[in-house]
Every structure is written in C-alpha cells, then in structure tokens.
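**Q** I'd like to go over a predicted model; first the sequence, then the structure.
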Amino acid sequence: MSTGTLHVRRATPADREAVIALSRAVSAHDFIEYGFDDWVAYAEPDGFFVAEQDGRMIGCYCLEFHAEGQAYFFAMRIHPGAQGKGIGTEFCRLQVEQARAAGAREIYLLSVLENLRAHRTVEKNGFVNCGAWLVYDELKQIPPQPPVERARWATVDDGPAIERFRRARSNGLLDGVIASRHSGWAVVTEGPEDWEIPKIALVDGETGLVGLMLVSTTETGLLLRWLDGTPEAAADLLALLVRRMAGEGHAELGLSLPLSAEPLLVPLGLDPAEAFRAYVFHWTE
C-alpha cells in the first residue's frame, strides 16, 4: 500500500527498535514494546504494520479481527514530527482501506479522551464517537469487601427479569459494545454467548432487579464487563465478585465499563490514576 511518499507495510522483527523509538517519542510510558513481539507474529489478515515516508518510520498500528467482518485497530501512533501535516488523515484512510479489503464491514478503535487531534483524524475517515469507556487492566490487589447481603449468581429462571432490566437500562449507542482485554484494549460486539447465566450476578428488589453484573473469565483472571443498578446494589455485586476471585484463586481483575459506571466502583477503592479512559469510535459501511 502506498500514497505519494507514504508507504505502509507489514512490520518484521527487525523493526522492533525503530517501533519502540517511535512509540517513546509519542509517550515515554507506551505499552507497544511489551506487545510488539506477539503482534508482529500475527497471521494475515491480522498484523502489525508500519508507515514510512522518505525512508523514515513515522507511524504504526495493529489490526485484529475479532469476528467475521469486525476489525479492531489499536497501538495507532504517528510521530510528533509528522503530525499536523495531513499525514495522519491519509494514514488512517489507508488503514480503513486495508481492513475493508480483508473483509471488514465495521471497525472499532479506542482513543484516550485527551487526544483531540486523533479524534478529528478518525472522524474525517468516517468513524463515529460512541461514548467514553473506563478500563482498569490487570488489577492484582483488591481491598477486602464487606459481607454480601443481597447479591447472588443468576439461575435459568432469572432470564426474563435479566432481559427486562437490560432493556430498561440501555445505554443507547454504547449498548452492546464491550471493551475487552485482548492484546491491549480491544472492542468486541456483545453476543448471546456473553450473557450466559453462569456469568451473570444480580440483586433483587421489591418490584424487580435493582442491580446486574456480567463477568467473564480470562486466561489470567476475571473481567467485569457490565455493571448497572443502584449504588447499594453495585456494592453488593462487587463484594460478590471479590469473593469469587478469592474462592476460585484468580490473581487478576480487569474492568471494562462505560465511563458512566465509574461511580459504582467506589466500593473497590481503586486508584483513578490507574484507569484508562477512552472514547469508543466505530466505523461501518
């Protein structure tokens, strides 16, 4: 792929040092160096790619497919010296073309809340801002929680009540989009398999459910993917989650929720500075 003097190619192991230098020019604490070796080994259509101009590396990104027709971009970087010249917009256009050629009918990406320049760049290429997400990755120390009073794990009989609660608490454009830990911060469309009864906990109220939580098991721990309800119900649900972590010997907990759910996490006593806050951007044909 190329356009003028901008050339995009698949990265090789030999690009490692140049990619790390590029990422550090963007941020001294970038995570790319920790994932590069895995990403560069991806098989097509997934892969890690670099952009060069006049023989100099000026950008990089990773492309993953999480479902048929659904692509995800992350680790997208443009060297500060190349910004503000229209290169980023053209670079993003090439990425979209590549994903479409590989079969993508929709594309997701995350961009930190403060990166206004990147937001404008992706929006010029047809991406729509669906709202803000909150991600805590690989939490290892969770403070002890109070005894669980009302929260319980769902049974098959709870199915109708769960569906009613989800419809009533829909978050509009963000409904059905979940940030998930996978090679960084990926975005996947929620499917029926995500809402299996063993993964759902709830809190009953006098006239129906007042709290609901969705949890998935990852390779290294648990991932909280959905939390909604009253603050009191959320406190009970989080206490139930911490008890499950201890009982099953999980060493880590990840949290991936709409930013609007952040107040519900107060019982966990998390350090807000450790959170990754980003907008979810979505492109579709």
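**A** Done, it's in.
**Q** which positions in the helix or strand residue 247 falls within come out as buried?
**A** Using DSSP states H and E, the secondary-structure element containing residue 247 is helix 231-248. By neighbour count, with 16 or more other C-beta atoms under 10 Å as the criterion, the buried positions of helix 231-248 are 233-242, 244-245. Yep, even glycine has a C-beta here, placed from its N, CA and C like the rest.
**Q** just how off-centre is that helix within its chain?
**A** Distance of helix 231-248 from its chain centroid, counting by C-alpha atoms, centre = their mean, to the nearest Å, is 22 Å.
**Q** now what about the helix or strand residue 88 falls within, what contacts it?
**A** Under DSSP H and E, the secondary-structure element containing residue 88 is helix 87-101. Counting contacts by C-beta atoms under 8 Å, 6 or more residues apart in numbering, the residues outside helix 87-101 that touch it are 1, 3, 6, 8, 49, 51, 53, 58-59, 61, 63, 71, 73, 76, 78, 82, 107, 117-118, 121-122, 124-126, 283, 285.
**Q** give the buried residues for that helix.
**A** By 16+ other C-beta under 10 Å, the buried positions in helix 87-101 come out as 87-88, 90-92, 94-96, 98-99.
**Q** just give me the neighbour total for residue 80.
**A** Around residue 80 there are 11 other residues, counting by other C-beta atoms under 10 Å.
**Q** swap in residue 283?
**A** Residue 283 is surrounded by 22 other residues when neighbours are defined as other C-beta under 10 Å.
**Q** so it belongs to a strand, correct?
**A** Yes: according to DSSP: H, G, I helix; E, B strand; the rest coil, residue 283 belongs to a strand.
**Q** so who does it touch?
**A** For residue 283, the contacting residues are 96, 106-108, 122, 125-128, by C-beta under 8 Å, 6+ apart.
**Q** so which of these belong to strands?
**A** Using DSSP state E, the members of those that fall within strands are 106-108, 128.
**Q** please compute how far stretch 72-85 lies from its chain's middle.
**A** Once both centres are worked out by C-alpha atoms, centre = their mean, stretch 72-85 turns out to sit 19 Å from its chain's centre.
**Q** residues contacting that stretch, please?
**A** The list of residues contacting stretch 72-85 from outside it, by C-beta under 8 Å, 6+ apart, reads 22-23, 25-26, 30-32, 35, 39, 48, 53, 57-66, 87-88, 91-92, 95, 99, 107-110, 117-118, 183-188.
**Q** got the buried residues for that stretch?
**A** Within stretch 72-85, the residues that count as buried by 16+ other C-beta under 10 Å are 72-79, 82-83.
**Q** endpoints of it, how far apart?
**A** 25 Å (C-alpha to C-alpha, to the nearest Å).
**Q** what's the burial count for residue 205?
**A** 14.
**Q** residue contacts, it?
**A** Under the criterion of C-beta under 8 Å, 6+ apart, the contact partners of residue 205 comprise residue 233.
**Q** for it, phi and psi?
**A** Main-chain torsions, residue 205, degrees, to the nearest 10: phi -120, psi -180.
**Q** could you do residue 149 as well?
**A** phi -100, psi -50.
**Q** between the contacts of residue 283, which is nearest residue 264?
**A** For residue 264, the nearest member of the contacts of residue 283 is residue 108. The distance, counting by C-beta to C-beta, is 23.9 Å.
**Q** shouldn't residue 275 be in contact with residue 137?
**A** No: with contact defined as C-beta atoms under 8 Å, residue 275 does not reach residue 137; the gap is 9.1 Å.
**Q** one step back: what subset of the contacts of helix 87-101 is buried?
**A** The neighbour-count test (16+ other C-beta under 10 Å) marks 6, 8, 49, 51, 53, 58-59, 61, 63, 71, 73, 76, 78, 82, 107, 118, 121-122, 125, 283 as buried among those.
**Q** so where do the strands sit in the stretch 1-150 of the chain?
**A** 2-3, 6-10, 47-53, 56-67, 70-78, 106-112, 128-139 (DSSP state E, counting those that start in this stretch).
**Q** quick one on the thing from earlier: a markdown table please, covering the contacts of residue 283 and showing pLDDT and distance to residue 197.
**A** Output for those, formatted as a markdown table (pLDDT from 0 to 100; distance: C-beta to C-beta, whole Å):
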| residue | pLDDT | distance to residue 197 |
| --- | --- | --- |
| 96 | 95 | 38 |
| 106 | 92 | 28 |
| 107 | 93 | 32 |
| 108 | 91 | 27 |
| 122 | 95 | 37 |
| 125 | 94 | 40 |
| 126 | 95 | 38 |
| 127 | 96 | 35 |
| 128 | 94 | 33 |
